[in-house]
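J.: Below is the sequence, then the predicted model.
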Amino acid sequence: MATPDAALKKILEQEGALAVALVDFASGMALAQQSTVPFDLELAAAVNTEVVRAKLRAIDALGLGDTIEDILITLGTQFHVIRISARPDLAGIFSYLVLDRAKGNLALARRGLRTLEDELEI
């Protein structure tokens, strides 16, 4: 098991990882955050909480009866990956990763976020 800071540090060791946070989507607050570049993770946590809430409302409105594993936002130079925890003890928490599109590996980043969730101890 890893502390939030240790788990986030491990994610940032991946090639192309720019910023990462654990976010409480009830409050929109970052619980832990780290970055290798200047990046306003407090603001990113708040606005991406709205993305998560909107998608949850859409799933409910459509009657899909399913859960979100992750949300990928592709920008010109970055990938933004939001992974919602499936662990009952981490309910209401998502991880948020900003990855350099030219340097990072999206598959490895997604795998890293799954591992973070598996190993995280709060």
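T.: That came through fine.
J.: can you map out the helices along the protein?
T.: 4-12, 41-61, 106-119 (DSSP state H).
J.: Now do the buried residues in the longest one.
T.: When burial is assessed from 16 or more other Cβ atoms under 10 Å, helix 41-61 yields the following buried residues: 41, 44, 45, 48, 49, 51, 52. To be clear about C-beta, it is placed using only N, CA and C from the backbone, and glycine gets the same treatment.
J.: So what's the residue count around residue 64?
T.: Neighbouring residues of residue 64 were enumerated by other Cβ atoms under 10 Å; the total is 9.
J.: burial of the closest residue to residue 108 other than its chain neighbours, as a residue count?
T.: Ranked by Cβ to Cβ, 6 or more residues apart in numbering and with sequence neighbours excluded, the top spatial neighbour of residue 108 is residue 14, at 6.2 Å. As a burial measure, residue 14 scores 17 neighbours (other Cβ under 10 Å).
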